[in-house]
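Chemist: Quick one, fold the following:
(2 chains)
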Amino acid sequence: MTLLLDLHELTRTFAAHRALNALTLQVPQGLLGLLGPNGAGKSTLLKILMGLIAPTSGSGRVLDVPLGGDRDTRDNWRLRRLIGFMPEADALVPGMKGIEYVALAGELYGMPRKQALRRAHEVLTYLNLDEARYRNVEDYSAGMKQRAKLAQALVHDPPVLLLDEPTSGLDPAGRDTMLKLIRELGDLHGKSIILSTHLLADVQAVCERVVIIAGGELRGYGAVAELCARRDDRYRVRVAGDKYDFEDALEAVGIKPLRPSPPREVRLVLPPGRSALDLFRIAAECGVGIRAVLRDDVSLEELFLRATAEVPVPEAA
Amino acid sequence: MTNPSENLLRYRPWKGELNPPIYASLAMARASLRLLLRRKVFWALYALALMIFFFFFYAQYLVVWITMQTTSQTVNFGSVPVKMNELTKFLDRLNLSGTPHTFGNFIWFEGYILMIVLALSGAVLVGNDFHHGSLPFYLSKPIGRRHYVLGKMLGIGGLINLMTTLPALVLFIEAGLLYDWQSYYWDQRMLLLGILAYGALLTVVLSLLLVATAVWVRRTVPLIMIWSGLFVLARSVAGFLVEVQGFHPVLKLIDLWNDLYLIGLWFMGADIDPGKLGPNPQPWQAAIAVTALGVGCLVYLRKRIQAIEIVI
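Modeler: Here you go, the predicted model:
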């Protein structure tokens, strides 16, 4: 089966700054999460994948189409036809109605005018925007705007969707709807999806695999389940009393607190053989009250820091 | 059997041939024009432009009517006799006789409204793409930067031609019908080409300039200020320096609309008589200035509209 991404020693430098450093990666088709903190090289990678900028060295393919240069060449246009891109920025055209916006996207992809319009109606109906199709896009709610952006990416039925922060600014219900749509597009309609986000939970909910990059380098690649397994032993404990006494007591019995941690909160890693119940006992012994024990639902940055600084994220088999 | 309404709600694949990117430019032009035509302020300004057109249209008719219908040297308005030459003096200054100067003058006067329309539309058509982050919407598609610029230019060009070339062509047809149409159309065929060339020149230069300035300043108010600087302040300064202070006419090159007017007259084969038009640079000098400006805009746009703009 053709690989979704096949990258070899992909490097991109901007003057003295190396945005991507010898990135080598083979990813099968499916749903892929792209994670990394700001400045990690995500943007650069996405731009290269879309043929908007050229790698300084190295080579790669997206579904067998070679990555080209940053010039407006036929190869790059071929690449961009493969990919439906949903940008993070609003990217809406003020004054345009939803149907016109999506139909224009279709025509920009090269669809004939009438087919673009018909397809825009279909896609908007599919994304539950059929009743709002004649409203101006700037009047849409945040969720509708995100769906309109997804519609314009989907209008020419590309095999690959590149979604940049698709749940950004959505309320929980809107987020769920968007994630459900993404999952459906991947699972039922065979789209390969590259989901670039800071939200680990989104990746968990949707993606089969995840790529972590930082400092322009590949720091981890593997199945999402594997990544999540590494979080099972991490807790955030909200305490009443001296948290430093509690940290000292934990260290004394071989439980390592993670620093830094917020005020009145202790973050820790439970070693094998220990359970969360032990925390209550230790707290009682040092006169500290426990108000809550929570799974450490870390941000991407925290996870990344752990992955690189504490527990190296292994390469997937 | 599947319920058809259910089928509509499902995702349906699409298969078909995709057009080359030039079609995307046409789609952008259509969308741009549609965005403008939807605004009331545009129609208000277009109504003003039409008033200029109708003035020329009926004045041209009036001149012919006066010439053809009155045999005496005076015309009585009620009991007041008015000399024929006094009556037509004002109209004569506008050269309403189907000559190159007729069309040159018409486009010159339309320019006042056109400049306001362009200043207002720059932000709508181009500035918003930068200001509202719509550029990724365009540049992430299989088109090049040149297709983006071309699409915007075509949209603006459509607007320019709607206000200048198209009504000028109607005036040309009218002039032919008022005189001996068979000989007029044949004798003035080069004038027709000149009008089209003038329209093409306005389209290219003004749309390029508008795209470049809108990319630069993005918002309506600064755009109007820059546009006013280019077409009002520069004209006043040029007039003051050349006509009041007596400096060399080449200084009038800073008046872009005048440059375009001189080149337009040249295209239409008009006499550029300093006695009639006042001191002016040569059309070739104006052509060099306009070309330099166009190249400058292109270089700026090439530098400014980068794929790197797509901040992901």
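
Chemist: hey, let's count contacts and neighbours off CA atoms from now on
Modeler: OK.

Chemist: what helix or strand does residue 34 sit in?
Modeler: Since you didn't name a chain, this refers to chain A. Residue A:34 is part of strand A:31-35 when elements are defined by DSSP states H and E.

Chemist: switch to chain B, that's the one I care about
Modeler: Using DSSP H and E, residue B:34 maps to helix B:22-37.

Chemist: what packs against the helix or strand following that helix?
Modeler: Proceeding C-terminally, helix B:22-37 gives way to helix B:40-69 as the next helix or strand, assigned by DSSP H and E. Of the remaining helices and strands, those touching helix B:40-69 by 3 or more Cα pairs under 8 Å, 6 or more residues apart in numbering or on different chains; DSSP states H and E are helix B:84-93, helix B:100-122, helix B:165-178.

Chemist: Let me know the secondary structure of residue A:213.
Modeler: At residue A:213 the chain is in strand, as set by DSSP: H, G, I helix; E, B strand; the rest coil.

Chemist: Count the neighbours of residue A:92 for me.
Modeler: Close neighbours of residue A:92, defined as other Cα atoms under 10 Å in any protein chain shown, add up to 28.

Chemist: Could you find the closest non-adjacent residue to it?
Modeler: For residue A:92, ignoring the flanking residues on the chain, the nearest one in space by Cα to Cα, 6 or more residues apart in numbering or on different chains is residue B:134 at 5.5 Å.

Chemist: and the gap between that neighbour and residue A:77?
Modeler: Shown here: residue B:134 relative to residue A:77, a distance of 19 Å by Cα to Cα, to the nearest Å.

Chemist: quick one, which of these two is more surrounded?
Modeler: residue A:77 (24 against 21).

Chemist: isn't the more buried one right up against residue B:142?
Modeler: Yes: the pair residue A:77 and residue B:142 passes the contact test of Cα atoms under 8 Å, sitting 4.2 Å apart.

Chemist: Taking the stretch 101-250 of chain B, what residue is nearest to chain A?
Modeler: For the stretch 101-250 of chain B, the nearest residue to chain A under the criterion Cα to the nearest Cα is residue B:134, separated by 3.7 Å.

Chemist: Check what pLDDT that residue gets.
Modeler: Reading off the per-residue confidence, residue B:134 sits at a pLDDT of 82.

Chemist: Could you double-check that it sits in contact with residue A:86?
Modeler: No: no contact is recorded between residue B:134 and residue A:86 when judged using Cα under 8 Å, the distance being 11.5 Å.

Chemist: Next, count neighbours for the residue in chain A that chain B sits nearest to.
Modeler: Across chain A, no residue is closer to chain B than residue A:91, which sits at 3.7 Å (Cα to the nearest Cα). Counted with other Cα under 10 Å, the neighbours of residue A:91 add up to 22.

Chemist: Phi and psi next, for the residue nearest to residue A:92.
Modeler: Per-residue torsions, residue B:134: phi -80, psi -10 (degrees, to the nearest 10).

Chemist: and it, what is it in contact with?
Modeler: A:89, A:90, A:91, A:92, A:93, B:128 (Cα atoms under 8 Å, 6 or more residues apart in numbering or on different chains).

Chemist: Just the ones in helices from those residues, please.
Modeler: Cross-referencing the contacts of residue B:134 with the helices (criterion: DSSP state H) gives residue B:128 as the overlap.

Chemist: Tabulate the contacts of residue B:134 (TSV), appending pLDDT and distance to residue B:23.
Modeler: As requested, those are exported to TSV (pLDDT from 0 to 100; distance: Cα to Cα, whole Å):
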residue	pLDDT	distance to residue B:23
A:89	81	26
A:90	80	25
A:91	84	21
A:92	88	21
A:93	89	19
B:128	82	22
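
Chemist: Just the ones of the contacts of residue B:134 in strands?
Modeler: Cross-referencing the contacts of residue B:134 against strands under DSSP state E gives no overlap.

Chemist: Sort out which one of the contacts of residue B:134 lies nearest residue B:105 for me.
Modeler: Of all these, the one sitting nearest residue B:105 is residue B:128; the distance, using Cα to Cα, is 33.7 Å.

Chemist: correct me, but that closest one touches residue B:220?
Modeler: No: taking contact to mean Cα under 8 Å, the distance of 9.4 Å between residue B:128 and residue B:220 leaves them out of contact.

Chemist: The two: who's more crowded?
Modeler: Counted by other Cα under 10 Å, residue B:128 and residue B:220 do not tie: residue B:128 has more neighbours, with 22 against 18.

Chemist: Quick check: nearest residue in space to that one, chain neighbours excluded?
Modeler: On the basis of Cα to Cα, 6+ apart, the spatially nearest residue to residue B:128 that is not a chain neighbour turns out to be residue B:218, at 6.6 Å.

Chemist: which residues touch that neighbour?
Modeler: Remark: with contacts taken as Cα under 8 Å, 6+ apart, residue B:218 is in contact with B:122, B:123, B:126, B:127, B:128, B:130, B:131.

Chemist: among those, who's most crowded?
Modeler: Ranked by neighbour count (other Cα under 10 Å), these have residue B:122 at the top, with 28 neighbours.

Chemist: Below-threshold pLDDT in the chain: ranges please.
Modeler: All of this refers to chain A. Within chain A, the stretches with pLDDT under 70 are A:69-72, A:225-232, A:297-317.

Chemist: actually chain B
Modeler: Within chain B, the stretches falling below the threshold (pLDDT under 70) are B:1-9, B:69-72, B:75, B:77, B:87-88, B:90-91, B:274-275, B:306-312.

Chemist: Apply 50 and report the result again.
Modeler: With pLDDT under 50 as the threshold, chain B has low-confidence stretches at B:1-2, B:4, B:308-312.

Chemist: that older thread, which non-adjacent residue is nearest the residue of chain A closest to chain B?
Modeler: The shortest distance from residue A:91 to any residue that is not its chain neighbour, by Cα to Cα, 6+ apart, is 3.7 Å, and that residue is residue B:134.

Chemist: Report the set of residues contacting both of residue B:128 and residue B:220.
Modeler: Between them, residue B:128 and residue B:220 share no neighbouring residue, with contact defined by Cα under 8 Å, 6+ apart.

Chemist: list the contacts for residue B:224?
Modeler: The neighbours of residue B:224, taking Cα under 8 Å, 6+ apart as the test, are B:116, B:119, B:120.

Chemist: Relative to residue A:275, how far out is residue A:256?
Modeler: Residue A:256 sits at a distance of 13 Å from residue A:275 (criterion: Cα to Cα).

Chemist: contacts for the host helix or strand of residue A:267?
Modeler: According to DSSP H and E, residue A:267 maps onto strand A:265-269. Outside of strand A:265-269, the residues that reach it under the criterion Cα under 8 Å, 6+ apart are A:233-239, A:243, A:247, A:255-259, A:261, A:296.

Chemist: Now list the buried members of these.
Modeler: The neighbour-count test (16 or more other Cα atoms under 10 Å in any protein chain shown) applied to the contacts of strand A:265-269 identifies A:233-239, A:243, A:247, A:255-257, A:296 as buried.

Chemist: Could you export those residues as TSV, including secondary structure?
Modeler: Converted to TSV, these look like this (three-state DSSP):
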residue	secondary structure
A:233	coil
A:234	strand
A:235	strand
A:236	strand
A:237	strand
A:238	strand
A:239	strand
A:243	helix
A:247	helix
A:255	coil
A:256	strand
A:257	strand
A:296	coil
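
Chemist: Farthest-apart pair in the residues you listed, please.
Modeler: Checking the buried ones among the contacts of strand A:265-269 against each other with Cα to Cα, the farthest-apart pair comes out as A:233 and A:243, at 19.8 Å.

Chemist: ok, residue A:97 touching residue A:130?
Modeler: No: assessed by Cα under 8 Å, residue A:97 is found out of contact with residue A:130, at 11.8 Å.
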